[in-house]
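In: My questions are about this predicted structure, shown below with the sequence.
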Amino acid sequence: MIKIEGVRKVFNGVTVLDHIDLKVEKGEVVSILGSSGSGKSTLLRCINGLEKLDGGSISVDGFDVARPKELAEARKRSATVFQLFNLYPHMTAVQNLMLAPVEVLKVPKAKAEADARALLASVGLSERADAYPAQLSGGQRQRVGIARALAVNPSYLLLDEVTSALDPEMTAEVLRILARLADEGTTMVFVTHEVEFARTISSRVVFLEKGRLLVDLPTTEFFADDGGLANPRVRQFLSNMSKG
Amino acid sequence: MQYGSFTWYDLVLLGQGLSVSVLVFLATSAIGLVLGIAWATVRFYRIPVLMQLVTLVAETLKNSPVLVQLFLVFFGLPVLAQINVTPVQAAVITLSGNTAAFIYVIAVSAIESVGRDQIEAARVFGLSRWQTLRRVVSPQATAFAIGPLIGLAVNQLQVTSLVSVIGVVDLTKIGNILNLRTLEPFIVWTAVGVLYYLCAKLIARLGGKLEARLRVHSDWKGL
Ligand SMILES: Nc1ncnc2c1ncn2[C@@H]1O[C@H](COP(=O)(O)OP(=O)(O)O)[C@@H](O)[C@H]1O
Ligand SMILES: [Mg+2]
């Protein structure tokens, strides 16, 4: 379980996350919605230890991310897919996948490579396994990003607007893969602007605004008129989204 | 002093001087490379105090004349610390430090050229700082730094000529000796200059090969 309790984050005197409480159990797909600047990325960056907390606590399977020793364990249990891919440009796709398994999990190279190639095949990239990121399209890069995250066999997948840098066709490629992962029971914390997609794959939807967690409901309730939609902020956000 | 025209033996002298210059160059480049990279690593790890110290030392070395540094080590060290240094020792100490300062600057900007986003990715996937430096940062930083490093090497070879001033018998010192003996400055200094030139060209040529080899491994730049 990812357990977020009373988390606060302040940047230069501005409170960006304000007393966030959130639990993600294994097997759940939790979508996080909210307008730009509401603190979604910061929340994910707190979970994976890229930001220090200014209050509260976060643990992943009981490992407290604020303690350096435990952070290493917490990081072994989650994997992040980034908005702008953040691939290692000097490594081929397959090498991108192998780095963490070999260096961190001490998987033998040959096994890591076989696993990496199988994973790339599963996201439709068997032919591009030896290409460098610069030689791939955006959609292909993000599929490498997803495969790289899966390569460490994470209990939790953290995804930060993974399609927002992609055109509609590439977005569809990537979403298809995520839908499959959700079907297979992968636990995901899914920050997104793809409201309709979030609705189809999530078990729960969370709404952030100005660093506060306003709504946290099971998906059907979130989209019900007497549920999440009863909140005017949520209604306004969703109508802005559907206007594009 | 005995005057006389050139003999074949003078070529041997020039060769000896050249080899001293090259040895001083190679030794100080190697030490400077290790030191400069170590200093840049201190900065990458953001080690407090040590990091500020390194910046101060590098700034001082980079912004003062090498000749002054050389005099300070050769004449100043014996007075200050009662240590006697030979001309060669003084030359190696000074030029190593000076080279290190410039390599530090190149290494720091090469490290900074590597995008934060990838470093964050590596950290999130659980790589230690050292693993991140070794596997993600340094391969890219090396490809970035190789050009400036070759330029620096060519320059540092010329700078070795300064050590003749404190009595190291390098190529320039031999030039001085032959000049006084033969009274043929034009011939002597042309020969010395040509030797430096050829060495510099050799360094640039070898460096270029190395760079091309790195470039082959740099398909990733999408160039
Ligand atoms: N490193 C930072 N330094 C200062 N302010 C930041 C930093 N990162 C994020 N912020 C601010 O925190 C707020 C939330 O940002 P972010 O988490 O990226 O929002 P979202 O992902 O929901 O768009 C924004 O106002 C942003 O400007
Ligand atoms: Mg964001």
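Out: Cool, got the structure. Ligands and ions are numbered 1, 2, ... in the order given.
In: In terms of helix, strand or coil, where does the residue lying closest to A:Ser59 once chain neighbours are set aside fall?
Out: Of all residues not flanking A:Ser59 in the chain, A:Lys3 sits nearest, at 5.0 Å (Cβ to Cβ, 6 or more residues apart in numbering or on different chains). C-beta coordinates here come from the backbone N, C-alpha and C atoms, glycine included. Following DSSP: H, G, I helix; E, B strand; the rest coil, the label given to A:Lys3 is strand.
In: List the residues that contact A:Lys3.
Out: Counting by Cβ atoms under 8 Å, 6 or more residues apart in numbering or on different chains, A:Lys3 touches A:Lys23, A:Ser57, A:Ile58, A:Ser59.
In: Just give the number of residues close to the third one.
Out: Read that as A:Ile58. 24 (other Cβ atoms under 10 Å in any protein chain shown).
In: Now the residue of chain A found nearest chain B, what are its backbone angles?
Out: Residue nearest to chain B within chain A (Cβ to the nearest Cβ): A:Ala134, separated by 3.0 Å. Torsion angles at A:Ala134 (phi, psi; degrees, to the nearest 10) stand at phi -60, psi -20.
In: Just give the nearest non-adjacent residue to residue 158, would you?
Out: Using chain A here. Nearest one to A:Leu158, counting by Cβ to Cβ, 6+ apart, is A:Thr80 at 4.6 Å.
In: my bad, the chain I had in mind was chain B
Out: B:Tyr196 (6.5 Å).
In: The one you found looks like it's in a helix, true?
Out: Yes: applying three-state DSSP, one finds B:Tyr196 inside a helix.
In: what's the neighbour count on it?
Out: 18.
In: so who does it touch?
Out: Counting by Cβ under 8 Å, 6+ apart, B:Tyr196 has contacts B:Ser21, B:Leu157, B:Gln158, B:Ser161, B:Leu171.
In: give me that answer again for 10 Å
Out: B:Tyr196 is in contact with B:Leu18, B:Ser21, B:Leu157, B:Gln158, B:Thr160, B:Ser161, B:Leu171, B:Thr172, B:Gly175, counting by Cβ atoms under 10 Å, 6 or more residues apart in numbering or on different chains.
In: Filter the residues you listed down to just the buried residues.
Out: Those of those that meet the buried threshold are B:Leu18, B:Ser21, B:Leu157, B:Thr160, B:Ser161, B:Leu171, B:Thr172, B:Gly175, by 16 or more other Cβ atoms under 10 Å in any protein chain shown.
In: possible to save those residues as CSV with secondary structure, distance to chain A and pLDDT?
Out: As requested, those are exported to CSV (DSSP: H, G, I helix; E, B strand; the rest coil; distance: Cβ to the nearest Cβ, whole Å; pLDDT from 0 to 100):
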residue, secondary structure, distance to chain A, pLDDT
B:Leu18, helix, 38, 96
B:Ser21, helix, 36, 96
B:Leu157, helix, 30, 96
B:Thr160, helix, 34, 96
B:Ser161, helix, 38, 96
B:Leu171, helix, 40, 96
B:Thr172, helix, 42, 96
B:Gly175, helix, 45, 95
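In: For B:Val163, see how far away B:Val169 is.
Out: Counting by Cβ to Cβ, to the nearest Å, the gap between B:Val169 and B:Val163 amounts to 9 Å.
In: the more surrounded of the two?
Out: With neighbours defined as other Cβ under 10 Å, B:Val169 and B:Val163 compare such that B:Val163 has more, 28 against 18.
In: State the helix or strand in which the closest residue to the more buried one other than its chain neighbours lies.
Out: Spatial nearest neighbour of B:Val163, excluding adjacent residues (Cβ to Cβ, 6+ apart): B:Ala91 at 3.8 Å. Per DSSP states H and E, B:Ala91 falls inside helix B:87-113.
In: Residue ranges in chain A under the pLDDT threshold?
Out: A:244 (pLDDT under 70).
In: What separation is there between A:Pro101 and A:Asp167?
Out: 31 Å.
In: Tell me the bridge partners for the residue nearest the centre of chain A.
Out: Nearest to the mean C-alpha position of chain A, counting by Cα atoms, centre = their mean, stands A:Leu159 at 1.5 Å. For A:Leu159, the beta-bridge partners are A:Val81, A:Phe190 (DSSP bridges).
In: okay but it is in contact with A:Met188, surely?
Out: Yes: A:Leu159 is within contact range of A:Met188, at 6.2 Å (criterion: Cβ atoms under 10 Å).
In: Common neighbours of these two, please.
Out: A:Val29, A:Ser31, A:Val81, A:Leu178, A:Leu181.
In: The first one against A:Val206, yeah?
Out: Read that as A:Val29. No: with contact defined as Cβ under 10 Å, A:Val29 does not count as touching A:Val206 (11.3 Å).
In: if I look at those two, which residues touch both of them?
Out: A:Val189, A:Phe190.
In: related to what we said a few turns ago, between the shared contacts of A:Leu159 and A:Met188, which sits nearest ligand 1?
Out: Taking Cβ to the nearest ligand atom as the measure, ligand 1 lies nearest A:Ser31 of the shared contacts of A:Leu159 and A:Met188, at 13.1 Å.
In: Next, the closest one: secondary structure please.
Out: Assignment for A:Ser31 (three-state DSSP): strand.
In: Surely it is in contact with A:Val206?
Out: Yes: with contact defined as Cβ under 10 Å, A:Ser31 reaches A:Val206; the gap is 6.9 Å.
In: Report the set of residues contacting both of the two.
Out: A:Val189, A:Phe190, A:Val191, A:Phe222.
In: could you dump those residues to a markdown table with neighbour count and distance to B:Ser109?
Out: Compiled in a markdown table, the shared contacts of A:Ser31 and A:Val206 are given as follows (neighbours: other Cβ atoms under 10 Å in any protein chain shown; distance: Cβ to Cβ, whole Å):
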| residue | neighbour count | distance to B:Ser109 |
| --- | --- | --- |
| A:Val189 | 25 | 37 |
| A:Phe190 | 26 | 38 |
| A:Val191 | 26 | 34 |
| A:Phe222 | 24 | 49 |
